[in-house]
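Engineer: What shape does this take:
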Amino acid sequence: MRGVLFWVGFWALLPQALWVRKTTPRFAKASGDARGLVVSKPSTHDAAPVQVLGLGDSIIAGVGAPTHAEALVGQVADGLARHLSRSVAWRAHGKIGANAVAIVKQAPEALAGVTPDVVVISTGVNDLLGLVRIHEWRRRIHALVAGVRTQAPNALIVFCGLPPMHVFPSLPRPLRWVLGWRARHLDAVLAETVAPMDRVTVARFDGDVGPEAFSGDGFHPGVVGYRRFGEAMAALVATQLTQQPT
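Structural biologist: A predicted model of the protein is given here:
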């Protein structure tokens, strides 16, 4: 029933969706080096740095942030270093517009020559906008996990939950309500799909998200949004790593 309601609502609002696509500004990816090292001082031990790899769409590419260090992967690394009192090496491998199918194809190149302890994956919005069916969405999630596991069998995989599209400033009503409702549905399916998987989890958006969290395009996070979600994700990752040491 939820699927039927979405399709009816979306097709009714297609002209509004096309107008948003035409008028929303296009921001570039974050500038600067897409990798870095957060040095923890003082450190409780001399362990090797935790290795964090970001894989996915424009969120991993840092759209809306001035630099990659201020975008999601850099902020996760910064928060994780504080939580663990341990240095964190990070790398972001994102592509604007990528859906889960494209990200599976990115994985071999992104994972070549590295052994990440944590793989942060952002996907879902482009799948939603591409009108993915629920059964296909589940299949894509399984394929993405399998693709990462092929080259990083012991990594903790952390998906970004789908964002709260019902509050995106760039989306006019009632389109934002319909897309927000669909995003919550895909987010629930994502959490349900990975729940039985070992060392795979979802960092979901909790709490209120105000206009200050968005960049100027009204669609991607800005520095405030990346910092808030990066810290929340770092706390989740730290808990997971503490329970199952890498």
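Engineer: Could you tell me which residues make contact with the residue nearest the centre of the chain?
Structural biologist: The chain has residue 122 as the residue nearest its centroid, 2.6 Å off, counting by C-alpha atoms, centre = their mean. Applying C-beta atoms under 8 Å, 6 or more residues apart in numbering to residue 122 gives the contacts 54-57, 59-60, 72, 94, 159-160. Every C-beta, even on glycine, is put in place using the N, C-alpha and C of the backbone.
Engineer: Go again with 10 Å.
Structural biologist: The contact partners of residue 122, by C-beta atoms under 10 Å, 6 or more residues apart in numbering, come to 54-61, 72-73, 94, 98, 103, 158-163, 203.
Engineer: For the buried ones among those residues, write the corresponding ChimeraX selection.
Structural biologist: Those of the contacts of residue 122 that count as buried under 16 or more other C-beta atoms under 10 Å are selected in ChimeraX with:
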select :54,55,56,57,58,59,60,61,72,73,94,98,103,158,159,160,161,162,163,203
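Engineer: Which of the helices or strands spans residue 119?
Structural biologist: If you go by DSSP states H and E, residue 119 is part of strand 118-122.
Engineer: Output that strand in PDB with nothing but the alpha carbons.
Structural biologist: C-alpha atoms of strand 118-122 as PDB (Å, rounded to 0.1, in the frame of the first residue of the first chain):
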ATOM      1  CA  VAL A 118      35.500   1.100   9.000                       C
ATOM      2  CA  VAL A 119      33.700   1.700   5.700                       C
ATOM      3  CA  VAL A 120      31.200   4.500   5.700                       C
ATOM      4  CA  ILE A 121      28.600   4.300   2.900                       C
ATOM      5  CA  SER A 122      26.200   7.000   1.800                       C
END
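Engineer: Output the contacting helices and strands for the next helix or strand after that strand.
Structural biologist: Going down the chain from strand 118-122, the next helix or strand is helix 125-129, by DSSP H and E. The contact analysis (3 or more C-beta pairs under 10 Å, 6 or more residues apart in numbering; DSSP states H and E) places helix 125-129 against helix 58-61, helix 100-111, helix 134-151, helix 175-194.
Engineer: who does the first one touch, helix- and strand-wise?
Structural biologist: Where contact means 3+ C-beta pairs under 10 Å, 6+ apart, helix 58-61 is packed against strand 50-56, helix 72-84, strand 88-94, helix 100-111, strand 118-122, helix 125-129, helix 223-243.
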